[in-house]
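Engineer: Have a look at this fold, sequence not included:
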Ligand code: NAD
Ligand code: DAU
């Protein structure tokens, strides 16, 4: 199989490429990545001799056409992915997430290729803390931020291209990932690297907001299950029953790093901050037989802390610029 992975130098995409090289040696992997601030060649260094990395934009129609023509399957991870950035400057989100997805869809339509679209649970908006409900594939779209609205738009393009043009596509909407190679702008790596630097973790607002954490390896094994066995035109929700509020996550990071559990600060809240996400992954489990391997968040988090301690050379170059952006926002 010739596989084109967009965004393969980012957090989830690079872990997907590592997993693929490790577990599916027969797959020929090409990565298309613009190497924005969020993409890093170094994330692919351990597999560099097994992977072709093409530096380029998913909205570059000519380049995309050529790469799609040479692939059997396309898995599209590339995106502008950070909510806070989308609140400061939404335009790159519209360009990459919407126009970029459109560009890929037109290429897979022309060349009749299998396409898998990586998306987020944020397209469904948020849930109340005391609501027993979880997101299902039938939950209506109700995105809150420029990031999540552009991801919702991209999902709807995929659905339309399946129905109108018969494109062979599947979609997955996953909850919050954690693990190695995640940019230090994101919640968990930001707090781990703050503690390493002797800086107190920063909790937005009250810290009651709940995210449904899943290890990145489990997200990626689910993506492979869908590519292998998913029904064309179907949407699969990916989650591992990992609901936890931000305050508890920060306290666990502090405990695992040998600090007092209250050694953090509350900072300005994110405008429009979604309260709670929760995934019902019944379809994925029952139909495709997928199960997560990382069942203990505590152990997965401890391993992630070890990874950031051991890989300071990977994250250090991004840290000051990231914190300077947050300082301007009072966060
Ligand atoms: P990331 O920001 O770490 O990586 C994004 C990658 O895309 C980077 O390598 C970047 O260089 C590349 N990229 C950005 N714009 C591009 C363009 N125009 N052309 C080519 N490459 C471009 O993001 P991530 O957290 O790894 O997320 C990957 C995907 O998974 C996204 O589609 C995101 O919406 C989705 N997702 C993320 C999470 C999460 O918790 N991080 C959860 C569910 C879904
Ligand atoms: O749900 C899936 C989504 O998860 C993905 O689609 C996004 O790409 C990914 O970035 C993530 O979005 P969130 O906005 O949930 O992730 P983030 O890491 O930015 O924040 C997680 C929670 O932690 C959120 O409630 C905001 C809070 N937070 C974040 C930061 C950076 C803090 O309290 N302090 C912080 O310093």
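Structural biologist: Sure, I can see it. Here the structure is a predicted model, which is why all the values come from computation and not from measurement. Ligands and ions are numbered 1, 2, ... in the order given.
Engineer: Find the nearest non-adjacent residue to the residue lying farthest from the centre of the chain, please.
Structural biologist: In terms of distance from the mean C-alpha position of the chain, residue 260 ranks first, at 30.4 Å (CA atoms, centre = their mean). Spatial nearest neighbour of residue 260, chain neighbours left out: residue 254 (6.7 Å); criterion: CB to CB, 6 or more residues apart in numbering. Placement of C-beta: from N, CA and C, glycine included.
Engineer: residues contacting the one you found?
Structural biologist: Each residue near residue 254 by CB atoms under 8 Å, 6 or more residues apart in numbering is listed here: 195, 201, 260, 261, 263, 264.
Engineer: Would you check which of these are in contact with ligand 1?
Structural biologist: Counting by CB under 6 Å from any ligand atom, nothing from the contacts of residue 254 sits close to ligand 1.
Engineer: Throw these into TSV and include secondary structure, thanks.
Structural biologist: Converted to TSV, the contacts of residue 254 look like this (DSSP: H, G, I helix; E, B strand; the rest coil):
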residue	secondary structure
195	helix
201	coil
260	coil
261	coil
263	coil
264	coil
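Engineer: Any of those buried? List them.
Structural biologist: Neighbour counting by 16 or more other CB atoms under 10 Å classes 195, 201, 264 among these as buried.
Engineer: Tell me the one among those residues nearest to residue 284.
Structural biologist: Among the buried ones among the contacts of residue 254, residue 201 lies closest to residue 284 (CB to CB), at 32.4 Å.
Engineer: Return the residues in contact with the closest residue to residue 95 other than its chain neighbours.
Structural biologist: Once flanking residues are discounted, residue 95 sits nearest to residue 59: 6.2 Å by CB to CB, 6+ apart. Residues in contact with residue 59, defined by CB under 8 Å, 6+ apart, are 95, 96, 99, 100, 103.
Engineer: between those residues, which is nearest ligand 2?
Structural biologist: Taking CB to the nearest ligand atom as the measure, ligand 2 lies nearest residue 96 of these, at 12.5 Å.
Engineer: Can you report how many residues lie near the closest one?
Structural biologist: Counted with other CB atoms under 10 Å, residues neighbouring residue 96 total 24.
Engineer: Excluding chain neighbours, what is closest to it?
Structural biologist: residue 80 (5.0 Å).
Engineer: Just say helix, strand or coil for the residue nearest to residue 51 when sequence neighbours are not counted.
Structural biologist: Distances taken as CB to CB, 6+ apart place residue 29 nearest to residue 51, at 4.7 Å, with adjacent residues excluded. At residue 29 the chain is in strand, as set by three-state DSSP.
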